[in-house]
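Visitor: 3D, please:
(one chain, ligands or ions: 1)
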Amino acid sequence: MHSSVSDTAIGLLQLTWSNAFLLLLLLVAHKEIQFYNKKVKVPIVGVPFPGYVGSWIGAVWFFAFGHLVVRKAYESRKHKVFQVAMLERMLVVVTTQELINEVSNADPAELSFYSTIDSDFQVTYTMSRPVLNHVWHLPYIQDKLTKKLMKSIDLMQDEIVNACGLFLGHTKGETIQVNVMETFLDILTRLSNRYFVGKPLCRNVEYIHTAKEYAKDVAICGVFIRCWPDWLKSTASWLCSRIPKNQMIAMKYLGPIIESRKDKMDLLGKKWKDRPDDYLQWLMEGAVENFGNCNDTRDIMLRLMFLNFAGNHTSGETFCMVLYQLVNRPEYMQPLRDEAAEMIAKHGYTSHAFTMMSKIDSFIRECTRFVSLGPIIITRTAKIPYTLGDGTFLPPSTQVCMPHHSVHNNPSIPIYANTDFDGFRFHKIRDGLLQKNPANIQANRTELWTATSNRQLFFGNGRHPCPGRFFASLQAKMLLHYMLTNYEMTADVGSSYEPHRWQTMYIPNTHANINFKRLTDPEPGLKEEIAFDLSK
Ligand code: HEM
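Guide: Okay, the predicted model is just below:
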């Protein structure tokens, strides 16, 4: 019975009618208990009529048209707080700036981020519970990982040159058409893993495939497992065999590296001068700091895979979303190239030069505002009975979130007054400030993509803003700059660049292609390096 969820779905079709009926009954009973136990007294939107049957119809409707339900309710301005019916639970949405602030900044003992992650991704059955129970790995992301990238951008550049050469072509004049999602998930996973585990593992095809698929498998299995009552979850998780399989593959590669590094740490201690400077090493040293040793190889592997879960698909999907907008708006390409060339001429090929590329930052942020990765964000779970500032009572286990895509398109918020696409919207704000006062050194930091606030929610806000956002931002800018400089990118006339939208997700179109024509000669040694990597 060891098969993936999709295999299982096919297997379920072969079940007898009586078994299928029993399964359906269990699901219905589970939803009924969920619906009545967590009844919140706020208007339900997107349901044809109130009550249990209405919530079922609403849930099916929300599955298909969740983005429209949320947008319509937000734009109607009728409710400060509303709720929507989902297949497995109700979801409360707050809409005012005050309530968005309140929920983002709430005490985690009252409105919890980790309980949401646990319940959405069923962490106990997918990524392993200890990874969430004690998040000692977290500070290494915002602090060490970002700093490492800023001071060693040569590693990122080296990986970008290699990955683009391999996937997008390295012969001058050659045009290659690629499937964007597949290709850029591979590229982004390789780039991040250069800093997570270093070379050569970051170029190992099987490891990168596993690191890339991990997030998708966890997300799909999380949705599948959470539909079942608690007592059936471990049986349900038994059907999600791709996660243990991926963990085994990750262990096959990471286990020996961890063991050999551990031996050196034991042998040489602080005298080990040329120790690797990557996330894996920081994890091992963090384990020693926290527990006196790093003997739990599996726990270290799981934490590294957690980072792959958190960082790869988010970065990959965001980048695809940006590319789709760019090839459909080619008039932005030259101004982006010109600004990048100007900044590099002024500041050298440094992280500072990329910080100063205001137009690229603005363009990326505008794409994420205009398209986005889903209608809602920052979901929190009530750990205790909680009363919101407007008096709305949330029983324990209620999930509450905010409609970021609607907020980012709300014309009554001054920076979004004109909601049409304007790639240089945020650049113009910074430029305006500098025109008024050229000595204003803060101007360059205003309204950056990585900023978080109650009107810029893409990376979260309040207590749990994404700690990987500075890494993701610099990585995306460097990759985009390299592509603009070395390739002509054109839309494929046969492709649709509309995202797939369902329930609370927008996924950049997985079938879309883009044409890449190499404009420059390959970097010295690139052909040989790629040939060598491929021959292994
Ligand atoms: C464009 C890419 C990315 C996007 C859009 C994104 C978005 C987010 C969001 C929305 C949250 C949750 C905020 C909340 O609910 O309050 C989050 C959390 C998180 N992100 Fe990212 N992220 C990205 C890239 C990354 C990368 C590259 C890493 C790691 C290197 C990373 C690591 C994390 C972690 C560990 C958390 C959990 C934070 C915590 O426990 O407090 N993310 N991210």
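Visitor: ok, the residue of the stretch 401-536 of the chain found nearest the ligand - contacts?
Guide: Minimum separation of the stretch 401-536 of the chain from the ligand (Cβ to the nearest ligand atom) falls at residue 468, amounting to 2.1 Å. Using the backbone N, CA and C atoms, a C-beta is placed for each residue, glycine as well. Shown in contact with residue 468 (Cβ atoms under 8 Å, 6 or more residues apart in numbering): 141, 142, 145, 307, 310, 311, 314, 315.
Visitor: Run the chain-centre distance for the helix or strand that the last one is a member of.
Guide: The reference is to residue 315. Here residue 315 is covered by helix 297-328, with elements defined by DSSP states H and E. With Cα atoms, centre = their mean, to the nearest Å as the basis, helix 297-328 stands 5 Å off its chain's centre.
Visitor: List, one by one, the residues from the stretch 51-200 of the chain near the ligand.
Guide: By Cβ under 6 Å from any ligand atom, the residues of the stretch 51-200 of the chain that approach the ligand are 113, 135, 138, 141, 145.
Visitor: Tell me the one of those nearest residue 484?
Guide: residue 145 (25.3 Å; Cβ to Cβ).
Visitor: And the helix holding residue 315, what's buried?
Guide: Going by neighbour count (16 or more other Cβ atoms under 10 Å), the buried part of helix 297-328 is 297, 299-327.
Visitor: The one residue sitting closest to the centre of the chain: what's it in contact with?
Guide: The structure's the chain has its C-alpha centroid closest to residue 314; by Cα atoms, centre = their mean the separation is 2.1 Å. Counting by Cβ under 8 Å, 6+ apart, residue 314 touches 373, 466, 468, 472.
Visitor: Could I get those residues in JSON lines, plus columns for distance to residue 352, pLDDT and secondary structure?
Guide: Listed next are the contacts of residue 314 as JSON lines, based on distance: Cβ to Cβ, whole Å; pLDDT from 0 to 100; DSSP: H, G, I helix; E, B strand; the rest coil:
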{"residue": "373", "distance to residue 352": "29", "pLDDT": "95", "secondary structure": "coil"}
{"residue": "466", "distance to residue 352": "22", "pLDDT": "97", "secondary structure": "coil"}
{"residue": "468", "distance to residue 352": "20", "pLDDT": "97", "secondary structure": "coil"}
{"residue": "472", "distance to residue 352": "18", "pLDDT": "97", "secondary structure": "helix"}
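Visitor: Could you work out the most separated pair of those residues?
Guide: Greatest spatial distance in the contacts of residue 314: 373 and 468, 14.5 Å, computed using Cβ to Cβ.
Visitor: What segments of the stretch 1-150 of the chain are strands?
Guide: Along the stretch 1-150 of the chain, the segments classed as strands by DSSP state E, counting those that start in this stretch run 44-45, 81-85, 90-94, 111-112.
Visitor: Adding mean pLDDT and mean neighbour count, write those strands out as CSV.
Guide: CSV is the format used below for the strands of the stretch 1-150 of the chain (pLDDT from 0 to 100; neighbours: other Cβ atoms under 10 Å):
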stretch, mean pLDDT, mean neighbour count
strand 44-45, 93, 20
strand 81-85, 95, 25
strand 90-94, 95, 24
strand 111-112, 98, 24
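Visitor: any chance of those strands in TSV, plus distance to residue 526?
Guide: Shown next, in TSV, are the strands of the stretch 1-150 of the chain (distance: least, Cβ to Cβ, whole Å):
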stretch	distance to residue 526
strand 44-45	54
strand 81-85	50
strand 90-94	49
strand 111-112	48
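Visitor: burial of residue 249, as a residue count?
Guide: 17 (other Cβ atoms under 10 Å).
Visitor: Contacts only, for it.
Guide: For residue 249, the contacting residues are 206, 207, 210, by Cβ under 8 Å, 6+ apart.
Visitor: Please apply the same query to residue 417.
Guide: Counting by Cβ under 8 Å, 6+ apart, residue 417 makes contact with residue 411.
Visitor: ok, it to residue 429 distance?
Guide: Computed with Cβ to Cβ, to the nearest Å, the distance linking residue 417 and residue 429 is 12 Å.
Visitor: How about residue 238?
Guide: Distance of residue 238 to residue 429, computed by Cβ to Cβ: 53 Å.
Visitor: Looking at those two now, which is surrounded by more residues?
Guide: Between residue 238 and residue 429, counting by other Cβ under 10 Å, residue 429 is the more crowded of the two (17 against 14).
Visitor: which one is the more buried one nearest to, not counting chain neighbours?
Guide: Once flanking residues are discounted, residue 429 sits nearest to residue 447: 5.2 Å by Cβ to Cβ, 6 or more residues apart in numbering.
Visitor: What is the burial count for that neighbour?
Guide: 21.
Visitor: OK, contacts around it?
Guide: Residue 447 makes contact with 365, 415, 426, 429, 430, 456, according to Cβ under 8 Å, 6+ apart.
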